[in-house]
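Student: Sequence first, predicted coordinates after that:
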Amino acid sequence: MSYVEPAAVVDAMVALGAKKAHLRRGQLVLRGTLGGMFLGVATTLALTAATQTGLPFAGALVFPVGFVMVLLLGFEMVTGSFAVVPLAVLERRATATEMARAFWWVIVGHLLGGVLFGLLFAATASEMWTTPDAPVARALVDLAAHKTLDHQYLGAAGILLVVLKGVLCNWLVGTGVVMGLTSTRTGGKILAMWLPVMTFFALGLEHGVVNLFVVPGAMMLGAPIGLGDWWLWNQIPALVGNFLGALVFVALAMYAAHRRPAPEVAPVPAVSPRSRSVADA
Amino acid sequence: MSYVEPAAVVDAMVALGAKKAHLRRGQLVLRGTLGGMFLGVATTLALTAATQTGLPFAGALVFPVGFVMVLLLGFEMVTGSFAVVPLAVLERRATATEMARAFWWVIVGHLLGGVLFGLLFAATASEMWTTPDAPVARALVDLAAHKTLDHQYLGAAGILLVVLKGVLCNWLVGTGVVMGLTSTRTGGKILAMWLPVMTFFALGLEHGVVNLFVVPGAMMLGAPIGLGDWWLWNQIPALVGNFLGALVFVALAMYAAHRRPAPEVAPVPAVSPRSRSVADA
Amino acid sequence: MSYVEPAAVVDAMVALGAKKAHLRRGQLVLRGTLGGMFLGVATTLALTAATQTGLPFAGALVFPVGFVMVLLLGFEMVTGSFAVVPLAVLERRATATEMARAFWWVIVGHLLGGVLFGLLFAATASEMWTTPDAPVARALVDLAAHKTLDHQYLGAAGILLVVLKGVLCNWLVGTGVVMGLTSTRTGGKILAMWLPVMTFFALGLEHGVVNLFVVPGAMMLGAPIGLGDWWLWNQIPALVGNFLGALVFVALAMYAAHRRPAPEVAPVPAVSPRSRSVADA
Amino acid sequence: MSYVEPAAVVDAMVALGAKKAHLRRGQLVLRGTLGGMFLGVATTLALTAATQTGLPFAGALVFPVGFVMVLLLGFEMVTGSFAVVPLAVLERRATATEMARAFWWVIVGHLLGGVLFGLLFAATASEMWTTPDAPVARALVDLAAHKTLDHQYLGAAGILLVVLKGVLCNWLVGTGVVMGLTSTRTGGKILAMWLPVMTFFALGLEHGVVNLFVVPGAMMLGAPIGLGDWWLWNQIPALVGNFLGALVFVALAMYAAHRRPAPEVAPVPAVSPRSRSVADA
Amino acid sequence: MSYVEPAAVVDAMVALGAKKAHLRRGQLVLRGTLGGMFLGVATTLALTAATQTGLPFAGALVFPVGFVMVLLLGFEMVTGSFAVVPLAVLERRATATEMARAFWWVIVGHLLGGVLFGLLFAATASEMWTTPDAPVARALVDLAAHKTLDHQYLGAAGILLVVLKGVLCNWLVGTGVVMGLTSTRTGGKILAMWLPVMTFFALGLEHGVVNLFVVPGAMMLGAPIGLGDWWLWNQIPALVGNFLGALVFVALAMYAAHRRPAPEVAPVPAVSPRSRSVADA
């Protein structure tokens, strides 16, 4: 009986969110750095597969390796946190300030991890900048340009487009975290997480954490992208969309659909009946 | 021993049907909305795979991601309910009116989810309607036209064709729900559900819930399809066929083949028909 | 410890055979009908995969979906029964007459299921007979002609050829049933059953149950095959070969290789020591 | 906890070897016959996959189906016995004579199974010798010629080449047996056994049991190979290499690397060396 | 519940490291020899897949077979030890000298295994040096030249490039060892280990143990590489990078991110509170 029913999954989401909200700052940054590095290497794996086969879909089939490693090894990914920490706030097991703090330091870690892996990738993929036109290096530069300059070209509609792609993306990425909670086994978790993550990557959506590697990595390989291009036309609207997508379509949707009514008398004060009074199941 | 024997699967079908028949309206609509969105995104994933590889079969191999997520996360899919709620009625654990009500509100949710995801998809796939001829966008428009206008061209035979395709489709989709009940593990459920769902998609059959995204999504991308074309030449006959297929070839077939005879005397009053009328939602 | 040792598998084969031999006629026909339908749809899935990719092997990779669903859902397949019911007769847990009766009514069900699915397939694949040259429809017609007329051309050697192909086929199909008994888990059963069934389909052997759909389905799509061509040059010798293959290379082989010696004193009369005295392990 | 630690795997190897060494002659021949047939059909499956796709690697991906069926169903494969029976001799749970006897009768069975399946394959693949140039038939003939005549051409170096290919082959095949012992589950065993067996086939090494089908099967399809060509330039050196490879790189390697020191005082007499000499077949 | 939480994984890393640090010299060399042979054969498998399909990525998909066999069968791989033994030193369960000694003798074993398998591979792939231009033989020679002479061409930057590729490589290889500890089941371990190992191979990074086969194997096939070219421009910087990558990004990262605080009073002196005082979780 390794399958976990939806109501128990919601319990686990709340507990996981509370745990993440109370991690120490050093933990958040360190785990976020590793999280960013793993998503970075998964992106290069996907670009390698796509470049060699000529099929972007081949990249989507393998991209989830990074997501899976981050979650199984207990590192942090802010787009996953977006899907669970708000429920801890909703149930008063964390404050909104703690939530914002947790998001902030994980994002700082992602930036460190993305830039660090970006540097290692740029150096090795270009053989110390002697072959900057290597296929995977070129694919990264093209991808980064598409993610920033193409949106800039569309103006305000470009911003909205990134937000919407961010919403769709993190509906799926957040669902990946939740799918991982439907199994108590390693193999079941891997399989369950793979599905939504493969889907988002195949559809070419905007994942804020991935971009913290893609854009700086491309810049180190010579992509003509400025800091403003990066943050205004991609990074900020992508993260905003990611937050909205996970909040509405994962956190609140699962909560409203499956939250168990609170027991009349809670056995221990840690789960006070009041904190669950919003539940509707 | 994660395998569940057929007689126990029939028990689970009856229980699941009873539970679904007694969900509150808000639950039905909300879970139906999410169900519609997940089937919508799975369809776009399949179109992406098929378009990039030139093999429709590649789309069938990945389409089940949506079905699997809907079932594992406890969202609703009316084509699945078609296969289990009638058995609850048959065993007097729900009334026909409750069944019809459950189907209705889930379909309303599917329509909301299909249109909402259709809007998000149309906006992002066409880069805010600046690239309406993007391959996946075009594939969706062609698919929707095939599913409606081609049937209209055949006249009455077209209606019958949609009904028959709906029957075959939901024999397999309903079997997907039942296959999911043959395992108590997440990995086993995923694998078991994958088989019939992949099959129906590969054969190009008519799944009413999918069409609640495909047709409006295509209309937002400019497909020349009217509301009447949609509902008369596809949506209504597809759902009718879906209901018949699940009723005859899944619900009644499993019931007639494997229903255990009722025990002469129930060991505990909990098994009395009356006590079941409250349902266990 | 989900693996079941060979000696315990033989026990399960005997028990399963005894159970099948004593099913009521209605059960045999109904379960046989569903069994025939599932093998029919799996064949169309395989033809679809083979036609789109140009590789018959691709069809073999997916064909087992039907076999797996029939077994997991407890429907009947006479070629599977061939591998287990004879052991129940051998151990006096069923009579030869009961065995013949069980085979007969399941075959009647397969014929009903094959013709019913054949009709549904012919109608939908040809879009109500408006596109009879659709690739999958054409592939089915060609396959049926190969399975009947090509054998007729060879004369008596053709009959022998079908018998031999039937023997090889059902050595593998019967092994599929046995492989399913080596695991107590749904996922393990699916994987184990997949191997021999994929193998038989890849080698283009003759499976009597599949042919009860292939030939009538093709006839409804206009294949120039007569009833005599069907039964004389394919159906009867295929079923004869299937029976021999399962009897000799599965039932008797497993029995002779692994039957446990009977316990000195049986705990319950249901398993009388005498009935096991043939055992040799 | 389905994973079995290496020290326990060595225990299982010794016990399995002791059991095999004490099987009755009839069992050895019968199980060996089935073992030979399954490896034969797996080889034709691999040739079919390779021929259709033009990629020998595709054959390697599917070849392990035969190995897996032989082991899960408890049939015999002498190349597997080479990896475990010597340890039973080493621990005095069998004599060298018993070992030689067990090998001999299993090889007799393999020869029977190889020739029997070869006949069935030759008859069906060539449609009763009317289409001897069918792609798979031709592929078998070419393979057999490569395995015998090409080595003959090299003279003494050819003999050494076959021995070395046999050593490498059975290092991997024997490892397949051992990998199967690392899991207590059917699914885990299948996956674990697949890896080394796929590897040996991809590298085109020499597996004596497979050749007992390949060469006679090809001869029945007209390959110009004499009995001397077969046994001198392939069969005998291949089996010698297989024995050496399994003995040195599997049996002795695992034993030396992981054998637990014997407990000072055995808790129960059942563990005394003497009590093991009776074996537990 | 086969999933192992990160904090328990760190416990297992420390215990595994301590165990490896105290193996006897003979064990280290023997297990290292087998480890080197398995990585060698996996590399040839990957080259075979890549050569036949023309897609290097196909090689990456199958390369992990070697890594998986080494770990499941309990053989040694120094790049894996790099990720766990330093934690045993950190917790005072081994000394730095013991660590260095363990690394040294395993590397000696790898060299023996790499050269031995290299000889067997060179002999068989070239059919006793009669076909030295066989595709896989040629692919190995080209790979070895790329790994040594191309770096030499870059001068000091080439050394740094190898170190950086070694760092990235062993971040992933070390993660493979850790991923294997996240499951208690064989199937789960295989799946979990596959992901990072497939990734490193796809990215073309530098794995010191693999190179102990690749370069001498290629030299036996005639590659114009000298001992100095091998050790200076590849082997030494690769191993240095491997150690740094595993130490910083696996051992220290997991330890800092997840080490449980020591219990106030340890139940047994073997785990003295002091030895854990560095923990920070």
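Tutor: Arrived safely, thanks for sending. Quantities reported herein were computed from a predicted structural model and do not represent experimental measurements.

Student: can we go C-alpha only for contacts and neighbour counts from here?
Tutor: Fine.

Student: SS state for the nearest residue to A:Pro224 once chain neighbours are set aside?
Tutor: Excluding the flanking residues, the one nearest A:Pro224 by Cα to Cα, 6 or more residues apart in numbering or on different chains is A:Ala145, at 7.8 Å. Counting by DSSP: H, G, I helix; E, B strand; the rest coil, the backbone at A:Ala145 sits in helix.

Student: Tell me, how many residues neighbour A:Ala145?
Tutor: Other residues lying near A:Ala145 total 21 when counted by other Cα atoms under 10 Å in any protein chain shown.

Student: Could you count how many residues lie near the residue nearest to A:His110 when sequence neighbours are not counted?
Tutor: What sits nearest to A:His110 in space, not counting adjacent residues and going by Cα to Cα, 6+ apart, is A:Gly36, at 4.4 Å. Using other Cα under 10 Å, the number of residues around A:Gly36 comes to 36.

Student: Shouldn't A:Gly36 be within a helix?
Tutor: Yes: counting by three-state DSSP, A:Gly36 is part of a helix.

Student: Contact partners for A:Leu32?
Tutor: Wrong residue type there; residue A:32 is Gly, not Leu. For A:Gly32, the contact set (Cα atoms under 8 Å, 6 or more residues apart in numbering or on different chains) comprises A:Phe75, A:Glu76, A:Met77, A:Val78, A:Trp105, A:Val106, A:Ile107, A:Val108, A:Gly109, A:His110, A:Gly113.

Student: Follow the chain on from whichever strand or helix holds it and name the next helix or strand.
Tutor: Using DSSP states H and E, A:Gly32 sits within helix A:25-53. Going down the chain from helix A:25-53, the next helix or strand is helix A:56-62, by DSSP H and E.

Student: Does chain B have contacts with that following helix?
Tutor: Yes: Helix A:56-62 is in contact with chain B by Cα under 8 Å from any Cα of the partner chain, via A:Pro56, A:Phe57.

Student: Mean confidence (pLDDT) on that helix, please.
Tutor: Per-region confidence: helix A:56-62 scores 97 on mean pLDDT.

Student: the inter-axis angle of whatever helix or strand comes next after it versus helix A:25-53?
Tutor: Going down the chain from helix A:56-62, the next helix or strand is helix A:64-72, by DSSP H and E. Computed by axes from the mean of the first three to the mean of the last three Cα atoms, to 10 degrees, the angle separating helix A:64-72 from helix A:25-53 equals 160 degrees.

Student: elements contacting helix A:64-72?
Tutor: Applying 3 or more Cα pairs under 8 Å, 6 or more residues apart in numbering or on different chains; DSSP states H and E, one finds that helix A:64-72 makes contact with helix A:25-53, helix A:186-202.

Student: With neighbour count as extra columns, can I get the contacts of A:Gly32 in JSON lines?
Tutor: Shown next, in JSON lines, are the contacts of A:Gly32 (neighbours: other Cα atoms under 10 Å in any protein chain shown):
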{"residue": "A:Phe75", "neighbour count": "26"}
{"residue": "A:Glu76", "neighbour count": "26"}
{"residue": "A:Met77", "neighbour count": "27"}
{"residue": "A:Val78", "neighbour count": "27"}
{"residue": "A:Trp105", "neighbour count": "22"}
{"residue": "A:Val106", "neighbour count": "29"}
{"residue": "A:Ile107", "neighbour count": "26"}
{"residue": "A:Val108", "neighbour count": "17"}
{"residue": "A:Gly109", "neighbour count": "27"}
{"residue": "A:His110", "neighbour count": "34"}
{"residue": "A:Gly113", "neighbour count": "27"}
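
Student: which two from these end up farthest apart in space?
Tutor: In terms of Cα to Cα, the contacts of A:Gly32 reach their longest pairwise distance at A:Phe75 and A:Val108, which sit 13.8 Å apart.

Student: Just give the nearest non-adjacent residue to the residue of the stretch 101-250 of chain A found nearest chain B, would you?
Tutor: For the stretch 101-250 of chain A and chain B, the shortest gap (Cα to the nearest Cα) falls at A:Gly188, measuring 4.7 Å. Nearest residue to A:Gly188, sequence neighbours excluded (Cα to Cα, 6+ apart): B:Gly187, at 4.7 Å.

Student: now do A:Leu28
Tutor: Among residues not flanking A:Leu28 along the chain, A:Val106 sits closest, at 5.1 Å (Cα to Cα, 6+ apart).

Student: Check A:Gln235 too.
Tutor: Excluding the flanking residues, the one nearest A:Gln235 by Cα to Cα, 6+ apart is A:Gly208, at 6.0 Å.

Student: cool, and A:Leu244?
Tutor: For A:Leu244, the spatially nearest residue (Cα to Cα, 6+ apart) is A:Val167, at 6.0 Å.

Student: Just the element for that neighbour, please.
Tutor: Here A:Val167 sits within helix A:156-180, counting by DSSP H and E.

Student: How far does that helix sit from its chain's centre?
Tutor: Distance of helix A:156-180 from its chain centroid, counting by Cα atoms, centre = their mean, to the nearest Å, is 9 Å.

Student: Please report how far A:Gly59 lies from chain E.
Tutor: Using Cα to the nearest Cα, to the nearest Å, A:Gly59 is found at 11 Å from chain E.

Student: again, but for A:Met128
Tutor: To chain E, A:Met128 is 6 Å away according to Cα to the nearest Cα.

Student: before we move on, what about A:Ala50?
Tutor: According to Cα to the nearest Cα, A:Ala50 stands 10 Å off from chain E.

Student: And for A:Leu116?
Tutor: For A:Leu116, the distance to chain E - Cα to the nearest Cα - is 11 Å.

Student: Likewise for A:Ile225?
Tutor: 25 Å.

Student: what's the answer for A:Gly118, then?
Tutor: Separation of A:Gly118 from chain E (Cα to the nearest Cα) stands at 12 Å.

Student: What is the burial count for the residue nearest to that residue when sequence neighbours are not counted?
Tutor: Leaving aside its sequence neighbours, A:Gly118 sits nearest to A:Gly217 (Cα to Cα, 6+ apart; 4.1 Å). Residues lying near A:Gly217 (other Cα under 10 Å) number 27.

Student: these two touch, right, A:Gly217 and A:Leu119?
Tutor: Yes: counting by Cα atoms under 8 Å, A:Gly217 does reach A:Leu119; the two are 6.4 Å apart.

Student: what residue ranges in chain A score low on pLDDT?
Tutor: Scanning chain A for pLDDT under 70 picks out the ranges A:1, A:261-281.

Student: Can you name the residues that contact the closest residue to chain D within the stretch 1-150 of chain A?
Tutor: Per Cα to the nearest Cα, A:Ser2 is where the stretch 1-150 of chain A lies closest to chain D, at 13.6 Å. A:Ser2 sits next to A:Ser183, A:Thr184, A:Arg185, B:Thr184, B:Arg185, B:Thr186, E:Met1 when contact means Cα under 8 Å, 6+ apart.

Student: ok, the fifth one - contacts?
Tutor: Translated: B:Arg185. With Cα under 8 Å, 6+ apart, B:Arg185 has these contacts: A:Met1, A:Ser2, A:Tyr3, A:Ser183, A:Gly188, B:Ser2.

Student: which of these lies closest to D:Met179?
Tutor: Using Cα to Cα, the contacts of B:Arg185 come closest to D:Met179 at A:Gly188, 21.7 Å.

Student: Fine by me, we can end here.
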